[in-house]
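Engineer: no sequence on this one, just coordinates:
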C-alpha cells in the first residue's frame, strides 16, 4: 500500500517531467514559424508554409495554376 507522502512524491516527480516536456515543445513551436504565401502576379493570398530558423522550404516563384513552385 502506498502512503499519502509516497504518492505525493510520485506525483510531484511526474509533474516536473511533464513541465520539462511542455517547455521543450514550446521551444520547438517557437522555432517553426508560419509564413504567408502570395501569388506572384495577382498578389492574392494562397496559403502558408513552415519556415524553420535558417532553413527555407520555398524555392522559386509561386503563381496560381503553376503548381507549388517547389
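Structural biologist: Received, thanks. This is a predicted model, so every value here is computed, not measured.

Engineer: return the helix or strand in this structure with minimum mean pLDDT.
Structural biologist: The helix or strand of the chain with the poorest confidence is strand 45-52; it has a mean of 64 (mean pLDDT, DSSP states H and E).

Engineer: my guess is residue 44 contacts residue 38, does it?
Structural biologist: Yes - in terms of CB atoms under 8 Å, residue 44 counts as a neighbour of residue 38; the distance is 6.7 Å. Every residue, glycine included, has its C-beta placed from N, CA and C.

Engineer: who's more crowded, the two?
Structural biologist: For residue 44 and residue 38, the more surrounded residue by other CB atoms under 10 Å is residue 38, and the numbers stand at 12 against 9.

Engineer: what's across from that one in the sheet?
Structural biologist: When bridges are called by DSSP bridges, residue 38 pairs up with residue 45.

Engineer: mind pulling up the pLDDT for it?
Structural biologist: On pLDDT, residue 38 comes in at 71.

Engineer: next one: it from residue 17, what distance?
Structural biologist: 43 Å (CB to CB, to the nearest Å).

Engineer: shaky segments in this protein?
Structural biologist: Along the chain, segments meeting pLDDT under 70 span 31-35, 39-40, 46-70.

Engineer: how close does residue 4 get to residue 21?
Structural biologist: 26 Å.
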